[in-house]
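In: Let me see the structure of the following:
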Amino acid sequence: MDDTGKVTRDQLAARLRVGGAQAGDGEAVSRTLIERYSCRAFRPDPVPREELDEIFAVAQFSANWCNAQAWQVIVTEAQATERFRQAMEALADNPASGSQPDIPFPVSYEGVFRQRRLEAGIALYQSVGIARADKQGAARQMRENYRLFGAPHVAIITTEADLGTYGAVDCGIYLGNLMALMQAHGIATIAQGALPRFSPFIREFFAIPEPRKVLCGLSFGYADETAPVNRFRTTRESAGAAVRWVTD
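Out: Numbering: from 1, shown residues only. The predicted structure is shown next:
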């Protein structure tokens, strides 16, 4: 932990003594969660379908409310990814497209939440050489969301409208497990809240029934390790900033 109370991944791994070829199951899980990051530059190579089938099969065992299994997932590959990428880029470039998320975006980020968001944004822009006053550069980087960061696959995760907040929570648990499983298989991911901005279009593009709500996207594939944008990592608050122990 540094003097700001932040924790880096390397610091946590060292403190927990995570790593090494002989790591036990617990250490392997810890290493997977610590090493996962939001990849923003992918190689074009697709992930083998057989490997993805295994990952999605295991993700089905995610914890959820009343075993409702609220999640439904559309996964693209090959030309389907390219068609969707081109369509999303066209929407993003059209000033008249507007924003119509099925689930409202956060109203605002205030206090510590604003500060954490700002720190992450500054680190991202610094990694690709974008100055804080460079609005055009920031807009270009934002547009990468709709290019799917060059990923060969994207998953669209939807939830049943009638299940409300708890259905969305179930999908969040599923999404976290899915990203961890992919990380364990050497597959990079980035969860994307920007894609549901065009929820009505996404439902039409993939013929998703109206009662379902588009929750988020997940672009994934193999990381481009040479890309500067993939070299920065966010920090986290210490566990003490989030966890309060009650003993009597």
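
In: Which residue, other than its chain neighbours, is closest to Ala123?
Out: Spatial nearest neighbour of Ala123, excluding adjacent residues (CB to CB, 6 or more residues apart in numbering): Phe232 at 5.0 Å. Using the backbone N, CA and C atoms, a C-beta is placed for each residue, glycine as well.

In: measure the one you found to Asp53 for me?
Out: 32 Å (CB to CB, to the nearest Å).

In: who's more crowded, those two?
Out: Neighbour totals were compared for Phe232 and Asp53, and Phe232 leads with 17 against 10 (other CB atoms under 10 Å).

In: Confirm that one sits in a helix?
Out: No - per DSSP: H, G, I helix; E, B strand; the rest coil, Phe232 lies outside any helix segment and is coil.

In: phi, psi of it?
Out: Note on Phe232: backbone dihedrals following degrees, to the nearest 10 are phi -90, psi 150.

In: just the one 5 residues further on next, same as before
Out: For Glu237, the backbone dihedrals (degrees, to the nearest 10) come out as phi -70, psi 160.

In: Which strand residues bridge it?
Out: Bridge pairing for Glu237 (DSSP bridges) gives the partners Lys6.

In: Using the three-state scheme, assign the residue nearest in space to the middle of the chain.
Out: Per CA atoms, centre = their mean, the C-alpha nearest to the average position across the chain is that of Ala191, at 1.6 Å. With three-state DSSP as the basis, Ala191 sits in strand.

In: Isn't it up against Met179?
Out: Yes - contact criterion CB atoms under 8 Å: Ala191 and Met179 qualify, at 6.7 Å.

In: list the helices and strands the helix or strand bottoming out on mean pLDDT in the chain packs on?
Out: Ranking every helix and strand in the chain by mean pLDDT, DSSP states H and E puts helix 9-16 at the bottom, with a mean of 73. Using 3 or more CB pairs under 8 Å, 6 or more residues apart in numbering; DSSP states H and E, the elements in contact with helix 9-16 are helix 25-35.

In: list the buried ones in whichever helix or strand comes after the helix it packs on?
Out: Toward the C-terminal end, the helix or strand that comes next after helix 25-35 (DSSP states H and E) is helix 49-59. Within helix 49-59, the residues scored as buried using 16 or more other CB atoms under 10 Å are 52, 55, 59.

In: and what of stretch 73-84?
Out: For stretch 73-84, the neighbour count (16+ other CB under 10 Å) marks 74-76, 81, 84 as buried.

In: C-alpha coordinates for stretch 189-209, PDB please?
Out: The C-alpha trace of stretch 189-209 is given here as PDB (Å, rounded to 0.1, in the frame of the first residue of the first chain):
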ATOM      1  CA  THR A 189     -11.400  -9.200 -21.800                       C
ATOM      2  CA  ILE A 190     -13.000  -5.800 -21.400                       C
ATOM      3  CA  ALA A 191     -16.500  -5.300 -20.000                       C
ATOM      4  CA  GLN A 192     -18.200  -2.500 -22.000                       C
ATOM      5  CA  GLY A 193     -20.900  -0.300 -20.600                       C
ATOM      6  CA  ALA A 194     -20.600   2.000 -23.700                       C
ATOM      7  CA  LEU A 195     -22.300  -0.500 -26.000                       C
ATOM      8  CA  PRO A 196     -25.800  -0.500 -24.300                       C
ATOM      9  CA  ARG A 197     -26.000   3.200 -25.200                       C
ATOM     10  CA  PHE A 198     -27.500   1.800 -28.500                       C
ATOM     11  CA  SER A 199     -29.700  -0.900 -26.800                       C
ATOM     12  CA  PRO A 200     -32.600  -0.700 -29.300                       C
ATOM     13  CA  PHE A 201     -30.300  -1.100 -32.200                       C
ATOM     14  CA  ILE A 202     -28.500  -4.100 -30.500                       C
ATOM     15  CA  ARG A 203     -31.800  -5.800 -29.900                       C
ATOM     16  CA  GLU A 204     -32.800  -5.300 -33.500                       C
ATOM     17  CA  PHE A 205     -29.400  -6.400 -34.900                       C
ATOM     18  CA  PHE A 206     -29.400  -9.700 -32.900                       C
ATOM     19  CA  ALA A 207     -33.100 -10.300 -32.900                       C
ATOM     20  CA  ILE A 208     -33.300 -10.100 -29.100                       C
ATOM     21  CA  PRO A 209     -36.900 -10.300 -27.800                       C
END
